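Novice: Sequence plus the predicted model coming up.
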Amino acid sequence: MTEFDIVGPDAIRDGDATDAYFQRTEATLRHAGKNPHVVAEVTADQFPDGEFEVFAGVKDAAALLEGHDLDVDAVPEGCLFDGGPVMRIEGDYLDFARLETSLLGFLSHASGCATAALEARVAAPDSIVLSFGARHVHPSIAAMVERSALVAGLDGFSHVAAGEILGREASGTMPHALVIAFGRDEQEAAFRAFDEAVPEGVPRVALCDTYGDEVGEVLTAVDALGDNLDSVRLDTTSSRRGDFRHIVREVRWELDARGHEDVGIFVSGGLGPEELRELRDVVSGFGVGGYISNANPVDFALDIVEVEGELAAKRGKLSGAKEVYRTDDGGHHIGLRGQDAPDDATPLLEPLIRDGELVREFDIDAAADYSARDAERVGFGAE
């Protein structure tokens with residue numbers, strides 16, 4: 001028994017974080033003296049259907065496969081895909097058989113979170129959007145959630161340990177618990193104490209919906225912090241919101257009427273793309289939580305498509321090693337490797353590992369730029 005129910009890095013790296021039938025497969029193939037050279041591909045859909053998703057989790061997948069005698073190609077981190085392979089693995093099957101479970105887990109979960117985060121990003125392209133969803137998932141995967149959000153172009157996240165892993169500072173100011181700890185009708189004291197306690201570089205963002213009317217608590221924050229107040233945050237529970245847009249506009253009006261046009265308004269609490277589109281013109285930014293962290297994983301599968309140079313595939317899957325392409329009009333195309341590419345097409349599968357050595361670097365900002373360009377090119381989230 002371990003202190004926490006967490007599968008550790010050693011088990012993942014050694015291939016013990018696997019489904020039992022892969023261990024049985026290894027034993028059977030070794031018993032029979034078989035270890036074929038194969039081409040295997042990771043795919044979600046065989047053919048394009050117009051539903052693009054974001055490829056993420058590549059860094060962890062590469063770390064898993066590195067050191068094994070394999071050649072691996074993958075589409076870039078942040079690339080949008082629509083059918084066909086996102087990764088191709090070539091090598092002796094027993095060199096990666098037991099890694100399949102973890103490989104698909106790395107790619108599936110991160111790509112699902114990144115896709116949801118991109119939906120939020122394009123819903124409010126000119127707003128600050130932060131990932132607030134780490135509390136909804138097992139803490140061992142918080143860094144995956146936050147990295148996926150950054151790959152999709154979000155501006156930051158809330159989880160401290162994830163920030164240490166990713167080399168980014170976590171964002172966040174105060175919860176309702178802080179205000180409640182000071183007692184009812186003591187919001188001003190809470191705001192003042194926060195201002196005195198936290199480092200100078202932390203934005204003074206007052207949470208203004210704990211006990212009273214949002215406008216009233218916002219004006220309390222103005223009185224308490226004056227020019228030190230950077231923003232206010234409204235996290236009103238859905239059962240008390242009523243017309244949330246109207247509430248936000250009322251807060252904006254009262255701030256402006258008192259000469260506080262520079263004080264921003266942030267909103268959070270159960271928000272998704274629909275709410276972001278509705279509010280993006282009246283707020284400065286959003287905290288998006290469960291919509292990102294609770295996103296459905298992309299249903300990737302890994303299938304052998306060639307054995308010893310011969311076409312092979314299970315029923316319902318397409319045999320033969322493939323290429324995927326992006327055309328200038330944003331189209332996503334699939335073809336057999338070695339066949340002519342479509343006109344104006346750019347191949348998307350790029351070298352990731354050669355002879356077991358990693359040949360690609362990972363940069364979150366570069367992935368976010370790629371994601372933004374690709375989203376515009378393919379019309380992702382177009383209204």
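Specialist: Looks like it came in fine.
Novice: Where do the strands of the stretch 201-350 of the chain begin and end?
Specialist: 205-207, 231-234, 264-268, 285-288, 301-307, 310-311, 322-327, 332-336, 345-347, 350-354 (DSSP state E, counting those that start in this stretch).
Novice: what sits up against the longest one?
Specialist: If I follow you right, that is strand 301-307. Here strand 301-307 makes contact (CB atoms under 8 Å, 6 or more residues apart in numbering) with 36-44, 89, 93, 100, 103-104, 311-314, 317-322. The way it works is simple: take the backbone N, C-alpha and C, and place the C-beta from them, glycine included.
Novice: quick one: the closest residue to Ser158 other than its chain neighbours from His246, how far?
Specialist: In space, Ser158 comes closest to Gly172 once its chain neighbours are excluded; the distance is 4.6 Å by CB to CB, 6 or more residues apart in numbering. Separation of Gly172 from His246 (CB to CB, to the nearest Å): 27 Å.
Novice: Same drill for the two, tell me which one is more crowded.
Specialist: Set Gly172 next to His246 and count neighbours by other CB atoms under 10 Å: Gly172 wins out with 17 against 11.
Novice: gap between that one and Arg249?
Specialist: Remark: distance between Gly172 and Arg249 (CB to CB) = 25 Å.
Novice: same thing with Pro125?
Specialist: From Pro125 to Arg249 the distance is 21 Å (CB to CB).
Novice: for Leu348, same thing?
Specialist: Taking CB to CB, one finds Leu348 at 44 Å from Arg249.
Novice: More neighbours: which of those two?
Specialist: Higher neighbour count among Leu348 and Arg249: Leu348, with 23 against 16, using other CB under 10 Å.
Novice: how about the strands in the stretch 51-200 of the chain?
Specialist: With DSSP E, counting those that start in this stretch as the criterion, the stretch 51-200 of the chain has strands spanning 53-54, 71-74, 80-81, 85-92, 128-131, 156-157.
Novice: low-confidence ranges in the protein?
Specialist: 239, 383 (pLDDT under 70).
Novice: Walk me through the domains of it.
Specialist: Domain segmentation of the chain under automatic domain parsing yields 9-113+296-378, 172-293.
Novice: Run the chain-centre distance for the last one.
Specialist: I take that to be domain 172-293. Offset of domain 172-293 from its chain centre (CA atoms, centre = their mean, to the nearest Å): 25 Å.
Novice: are any of the contacts of strand 301-307 buried, and which?
Specialist: Buried members of the contacts of strand 301-307, counted by 16 or more other CB atoms under 10 Å: 38-44, 89, 93, 100, 103-104, 312-313, 318-322.
Novice: the inter-axis angle of the longest helix along the chain versus strand 85-92?
Specialist: The helix that spans the most residues within the chain, counting by DSSP state H, is helix 100-123. Relative orientation of helix 100-123 versus strand 85-92 (axes from the mean of the first three to the mean of the last three CA atoms, to 10 degrees): 160 degrees.
Novice: Can I get helix 100-123 in CSV? Just the C-alpha atoms.
Specialist: Provided in CSV are the C-alpha atoms of helix 100-123 (Å, rounded to 0.1, in the frame of the first residue of the first chain):
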residue,chain,number,x,y,z
GLU,A,100,0.5,1.5,-25.1
THR,A,101,-1.8,2.1,-22.1
SER,A,102,0.3,5.0,-20.7
LEU,A,103,1.0,6.4,-24.1
LEU,A,104,-2.7,6.7,-25.0
GLY,A,105,-3.5,8.0,-21.5
PHE,A,106,-0.9,10.8,-21.9
LEU,A,107,-2.3,11.8,-25.3
SER,A,108,-6.0,11.3,-24.7
HIS,A,109,-6.4,13.2,-21.5
ALA,A,110,-4.2,16.1,-22.4
SER,A,111,-5.7,16.5,-25.8
GLY,A,112,-9.2,16.6,-24.3
CYS,A,113,-8.3,19.3,-21.9
ALA,A,114,-6.5,21.3,-24.5
THR,A,115,-9.4,21.1,-26.9
ALA,A,116,-11.8,22.4,-24.2
ALA,A,117,-9.4,25.2,-23.3
LEU,A,118,-9.1,26.2,-26.9
GLU,A,119,-12.9,26.4,-27.1
ALA,A,120,-12.8,28.8,-24.2
ARG,A,121,-9.9,30.8,-25.7
VAL,A,122,-11.6,31.4,-29.0
ALA,A,123,-14.9,32.3,-27.2
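Novice: Understood, closing this out.
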